[in-house]
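Q: Okay, sequence plus prediction incoming.
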Amino acid sequence: MATRHGSAIVTLPSDTEILITRSFEAPRALVWETLTNPRHLLRWWGPDWCPLLTCEVDFRVGGSWRYLSRMTDGAELAWHGTYLDIVAGERVATTEVFEGFPDAESRNTMTLTEADGVTTLQTLVQHSSKEHRDGHVQSGMEGGMQITFNRLDDLLGGLLDGADTAAERFRRVAGAFTDVARSVRAKEWDRPAPCEGWVARDVVAHLVGWVPHVIGQAGVDFSGGPSVDTDPVGAWEHLAGTLQAALDDPKVAAHEFHVGPPGTMSVEQAVGMIVFGDVFVHTWDLSAAIGRPVDLDPRLVHDMFSGMRHIEELLRSSGQYGPAFHVADTADEQSRFLAFLGRDPAFA
């Protein structure tokens, strides 16, 4: 993917406004994801000498956000705000407060447009006074902003170039599960799940239980995570982070070990063949358990459904799959896929 390093343009439409325009050679949907998803924000937001340390996002109108960065000298900087307007894939408006100057709150509106595969991001920063606007401009924001957008450019290129690698596939699927897990309220962890006899907490317990037992045979160390009973989100994030680190390390990813009945394979192959699909399907199970079922990635649904239908007899005989749930032939592919796996697509 071509990059456009250093190409952000800053203009001053009025005495109280700053307009930042930057284009990226990537589809709007992907740019939107990197702008709004904490797992991506942590990889690009802020210049390399002051990257994000933590990123708290409650991405809904009325929800709050807070970013905490740490400079190379150890000093910490923080920003926070509230989401005022969200049009999925197109626009986000928030308040923004730099905690070093708490009286200089601004309203920031990010707008995305796409033409010929190029996505243009425009950010309109509206201050309450010319003094605050000028202070923002004179703070050195443009230099840091150029570096920040360069980092985003590089991340988008990596996501596009590496979209089919095992590491990036797992990052997307695990990230979707993380998003659902973080949305579960405390009282919802005991709600029934689509899997017979399970509650929402059991979906996480299942993954945290069996994955280390299998992948741990390759020498991957899963120790140190919190208990599912006390912190299901933390337990899952520890598991996902350990797996992602293994996949991101070429030596670990290529390490071969004896998995069991499937034979000998690399860590990368084992995660792709055994773990990936389980996390993908259980993302829906967890979301359905809390009454907010998600739409799974249609490409992955199609690929998995196409492959599994041809070995249905083998899958049923393994004892790991119950009978299919009946749905109409005219149902959408996700519903037919879930029904094939024994789920009621209308469960909620």
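A: Yes, it's here.
Q: Domain ranges for this protein, per the record?
A: 9-161, 166-294 (automatic domain parsing).
Q: Just put the ones you listed in CSV and tack on distance to residue 338 and mean pLDDT.
A: C-beta coordinates here come from the backbone N, C-alpha and C atoms, glycine included. Converted to CSV, the domains of the chain look like this (distance: least, Cβ to Cβ, whole Å; pLDDT from 0 to 100):
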stretch, distance to residue 338, mean pLDDT
domain 9-161, 23, 93
domain 166-294, 7, 94
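Q: Deepest in the core, which of these is it.
A: Mean neighbour count (mean count of other Cβ atoms under 10 Å) peaks for domain 166-294 among the domains of the chain, with a mean of 18.
Q: Could you tell me the end-to-end distance of it?
A: 23 Å (Cα to Cα, to the nearest Å).
Q: Just the strands from the stretch 151-300 of the chain, written as ranges.
A: 256-260, 263-266 (DSSP state E, counting those that start in this stretch).
Q: other SSEs contacting the first one?
A: Counting contacts by 3 or more Cβ pairs under 8 Å, 6 or more residues apart in numbering; DSSP states H and E, strand 256-260 packs against strand 263-266, helix 267-270.
Q: which strand is the longest one in the chain?
A: strand 76-87 (DSSP state E).
Q: returning to that earlier point: as JSON lines, the domains of the chain with distance to residue 339 would be great.
A: Converted to JSON lines, the domains of the chain look like this (distance: least, Cβ to Cβ, whole Å):
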{"stretch": "domain 9-161", "distance to residue 339": "27"}
{"stretch": "domain 166-294", "distance to residue 339": "11"}
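Q: Go through the ones you listed and name the closest to residue 314.
A: domain 166-294 (12.1 Å; Cβ to Cβ).
Q: nearest to residue 176, of the helices and strands packed on strand 256-260?
A: Closest among the helices and strands packed on strand 256-260, using Cβ to Cβ: helix 267-270, at 19.8 Å.
Q: I'd like the distance from the closest one to the chain centre, please.
A: 21 Å (Cα atoms, centre = their mean, to the nearest Å).
Q: Can you spell out which helices and strands pack onto it?
A: helix 166-183, helix 200-215, helix 232-248, helix 250-254, strand 256-260.
Q: and the ones you listed as CSV, adding distance to residue 302?
A: Below are those laid out as CSV (distance: least, Cβ to Cβ, whole Å):
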stretch, distance to residue 302
helix 166-183, 14
helix 200-215, 23
helix 232-248, 23
helix 250-254, 26
strand 256-260, 26
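Q: what bridges to residue 108?
A: residue 94, residue 125 (DSSP bridges).
Q: Test my guess that it contacts residue 97.
A: No: with contact defined as Cβ atoms under 8 Å, residue 108 does not count as touching residue 97 (10.7 Å).
Q: Show me whatever sits in contact with both of the two.
A: residue 81 (Cβ atoms under 8 Å, 6 or more residues apart in numbering).
Q: check contacts around residue 7.
A: 22, 23.
Q: Report the separation between it and residue 275.
A: 40 Å (Cβ to Cβ, to the nearest Å).
Q: rewinding a little: pairing partners for the longest strand of the chain, with directions?
A: Counting by DSSP bridges, strand 76-87 is paired with strand 64-70 (antiparallel), strand 91-98 (antiparallel).
Q: what's the closest of those to residue 138?
A: That would be strand 91-98 among the strands paired with strand 76-87, by Cβ to Cβ, at 13.5 Å.
Q: Quick check: which element contains residue 22?
A: Using DSSP states H and E, residue 22 sits in strand 17-24.
Q: Starting from that strand, tell me the next helix or strand along the chain.
A: Immediately after strand 17-24, counting by DSSP H and E, sits helix 28-36.
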